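A.B. asks: quick one: sequence plus predicted model below, questions after.
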Amino acid sequence: MTALILLDLLLHTPMYFLLSQLSLMDLLYISSTVPKMVSNFLSGQKSISFLGCGVQSFFFLTMATSEGLILASMSYDHFVTICHPLHNPICTSKMTCVKKTLESWTLGSINSVSHTVYALHLPYCRSRAINHIFYDVPAMVSLACVNTWVYEYMVFVRTSLFLLVPFVGITASYGRVLFAVFQMHSKDGRRKAFTTCSTHLTVVTFYYAPFVYTYLWP
């Protein structure tokens, strides 16, 4: 999809720019964990180096956070397009989309670095074997020899900020969007808007729900 958007001049629009970033994040997101998981599965060597843990954690958390923020941004763009069409040229301009993308990458990287550095500097005096298919910070923290309740509380707060708050905002935006769609007089326009929004809302739900369940569970 990223290649298609780059090659087709008709798709060089701000909205498709965000979609290309989302596709790129998706690709990097699964590439940070799946190749190593498959390698371990095929070779039977269920191990990863300490440096590999840090690299995997950085890219996994960066992509996960950035992609969530991009999804929230796209839901807001849909809200503006349908509910406030006169504001659409300003809110979905090329410069605005570039700023949104840079902010998403920056916030994702900062969040990732803080979690990764903290986890790698913890003292581990027990087994370093985790029952997980990839290096995940909460799984490693449970093996630490020190009390990590402060960090666990910080994970809860950050998860709420980066996942729960955007998810609530997305849900509220699409509630307004669906209300506006049902009031449309054109059946064709209503069908197109509902199809676009329902598809995006499905993606958002399948993306956010597992993260919220995993990282907000006590």
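C.D. replies: Now that the structure is in, tell me what you want to look at.
A.B. asks: what's the residue of the chain most remote from its centre sitting at in phi/psi?
C.D. replies: Within the chain, H185 marks the point farthest from the mean C-alpha position, 35.1 Å out by CA atoms, centre = their mean. Main-chain torsions, H185, degrees, to the nearest 10: phi -90, psi -30.
A.B. asks: which ones are touching it?
C.D. replies: Contacts for H185 (CB atoms under 8 Å, 6 or more residues apart in numbering) come out as none. The C-beta positions use only the backbone N, C-alpha and C, and glycine is treated the same way.
A.B. asks: buried ones in stretch 29-45?
C.D. replies: By 16 or more other CB atoms under 10 Å, the buried positions in stretch 29-45 come out as Y29, S32, T33, K36, M37.
A.B. asks: thinking again about what came up before, for the residue farthest from the centre of the chain, give its distance to Y151.
C.D. replies: 54 Å (CB to CB, to the nearest Å).
A.B. asks: what is the neighbour count of A209?
C.D. replies: By other CB atoms under 10 Å, 12 other residues sit near A209.
A.B. asks: what is the helix or strand that contains it packed up against?
C.D. replies: Applying DSSP states H and E as the criterion places A209 in helix 187-215. Applying 3 or more CB pairs under 8 Å, 6 or more residues apart in numbering; DSSP states H and E, one finds that helix 187-215 contacts helix 50-83, helix 149-159, helix 165-182.
A.B. asks: make CSV out of these and add distance to L6, mean pLDDT and mean neighbour count.
C.D. replies: Formatted as CSV, the helices and strands packed on helix 187-215 follow (distance: least, CB to CB, whole Å; pLDDT from 0 to 100; neighbours: other CB atoms under 10 Å):
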stretch, distance to L6, mean pLDDT, mean neighbour count
helix 50-83, 17, 83, 20
helix 149-159, 33, 81, 13
helix 165-182, 27, 79, 16
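A.B. asks: any idea how far the helix holding A209 is from the middle of the chain?
C.D. replies: Distance, stretch centre to chain centre, for helix 187-215: 14 Å (CA atoms, centre = their mean, to the nearest Å).
A.B. asks: quick one: which of the buried residues of stretch 29-45 is nearest to S49?
C.D. replies: Of all the buried residues of stretch 29-45, K36 has the smallest distance to S49: 10.3 Å, by CB to CB.
A.B. asks: and that closest one, what does it touch?
C.D. replies: So K36 contacts I48, G52, Q56, F134 (CB under 8 Å, 6+ apart).
A.B. asks: likewise Y151?
C.D. replies: By CB under 8 Å, 6+ apart, Y151 lies in contact with Y118, V141.
A.B. asks: likewise Y124?
C.D. replies: M140, L143, A144, C145.
A.B. asks: of the residues you listed, select the buried ones using a ChimeraX command.
C.D. replies: Of those, the buried ones go into a single ChimeraX selection, burial set by 16+ other CB under 10 Å:
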select :140
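A.B. asks: switch the contacts of Y124 over to TSV; also include pLDDT.
C.D. replies: Shown next, in TSV, are the contacts of Y124 (pLDDT from 0 to 100):
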residue	pLDDT
M140	78
L143	79
A144	80
C145	82
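A.B. asks: now tabulate the contacts of Y124 in a markdown table and tack on secondary structure and distance to Q21.
C.D. replies: Below are those laid out as a markdown table (DSSP: H, G, I helix; E, B strand; the rest coil; distance: CB to CB, whole Å):
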| residue | secondary structure | distance to Q21 |
| --- | --- | --- |
| M140 | helix | 29 |
| L143 | coil | 35 |
| A144 | strand | 35 |
| C145 | coil | 40 |
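A.B. asks: appreciated, that's everything.
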